[in-house]
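Student: got a predicted structure here, sequence first:
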Amino acid sequence: MKIKKIVFSIFAALIVMISIFLYMNKDKFVYVGSVDIIEVDCSKKRQILSEVFESDQKIRKSNELMKYAKEDHRNQELVISIIEKCGMPTLQEVDQKQMDAIWLGLQHSTEEIRKKYFPQIEKAVKNGDLSKGQYALMKDRMLMDEGKPQIYGSQIKNGKLYTLENPETVNERRKEMGMEPIEDYLKNFNIQFNPN
C-alpha cells in the first residue's frame, strides 16, 4: 500500500511539473486548428493579399515557422476565404504580387487544401495569372504529399532531393516550365544533382 502511495505521489508531481512547464511555454506550443473560411471584405482583397504576401515572405525568411504558426494559419484562411467569397482573382483585378499571395497561401497550406484548389491554380496558369513555375512547384508538392515521384525536381525532403521521375530528362521539363536547370536550383540547398 505504501508503494502505491509513493508511485501515486510521484505521478501527481510529474503531472504538476508538466502542467507548469506547458503553461510557462504555451507560446511555443501552438495548435492553430483547421483552416476555415472566414469573413473577408471583397472590396479590400488587394490590400489583404498584399499583407498576406509580406507576411508569408517574412515568415519564410525568419526560418522560425513555429513562432509564426498562427500568422501562417491566418494567411491561409484569408486566401481560401477570398477564393470562396470573392472568386479566384485575376491579374485584371489584382497585381502580380497579390496573385502570388494566393499561390503562396495555397502552397503553404495542407495537402487537402492544395488538392481542392489546384484546378483553380491550373486555370490561373493557363490564363497567365500565375507562372508555369508556380504550377510545377505545387504539382511536385502534391505528388510528394501522395508519396509519388515528383516531375520537376522542386521538392527537397530531409536535406535531399525528393524522389524524381525520369531524372535524365528533368531539365527538359524544367525548361518548358520556365525553371532554371536543376543543378543550379539545387546549389541553393547545397545539394549536388546525381541523375542516377
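Tutor: Alright, I've got the coordinates. What you see is a predicted model, and the numbers here were worked out from it, not measured in a lab.

Student: and the helix or strand bottoming out on mean pLDDT in the chain, what does it pack against?
Tutor: The helix or strand of the chain with the lowest confidence, counting by mean pLDDT, DSSP states H and E, is helix 2-24 at a mean of 72. Helix 2-24 sits against no helix or strand, with contacts defined as 3 or more C-beta pairs under 8 Å, 6 or more residues apart in numbering; DSSP states H and E. Heads up, the C-betas are built off the backbone N, CA and C, glycines and all.

Student: tell me the mean pLDDT over the next helix-or-strand element following that helix?
Tutor: Proceeding N to C from helix 2-24, the next assigned helix or strand is helix 45-62, under DSSP states H and E. Taken as a whole, helix 45-62 has an average pLDDT of 93.

Student: contacts for helix 45-62?
Tutor: Residues outside helix 45-62 that contact it (C-beta atoms under 8 Å, 6 or more residues apart in numbering): 40-41, 65, 68, 71-72, 74-75, 78-79, 82, 86, 89, 93-95, 97-102, 104-105, 108.

Student: so where's the chain uncertain?
Tutor: In the predicted model, the chain carries pLDDT under 70 at residues 19-32, 65.

Student: okay, domains of it per the record?
Tutor: For the chain, the structural domains run 31-130, 131-196, going by automatic domain parsing.

Student: part of a helix, is Glu71?
Tutor: Yes. Applying DSSP: H, G, I helix; E, B strand; the rest coil, one finds Glu71 inside a helix.

Student: separation between the residue nearest to it when sequence neighbours are not counted and Cys42?
Tutor: Distances taken as C-beta to C-beta, 6 or more residues apart in numbering place Ser55 nearest to Glu71, at 5.7 Å, with adjacent residues excluded. Noted for Ser55: a distance of 20 Å to Cys42, by C-beta to C-beta, to the nearest Å.

Student: between the two, who's got more neighbours?
Tutor: Legend: neighbour count by other C-beta atoms under 10 Å for Ser55 and Cys42, higher for Ser55 (19 against 13).
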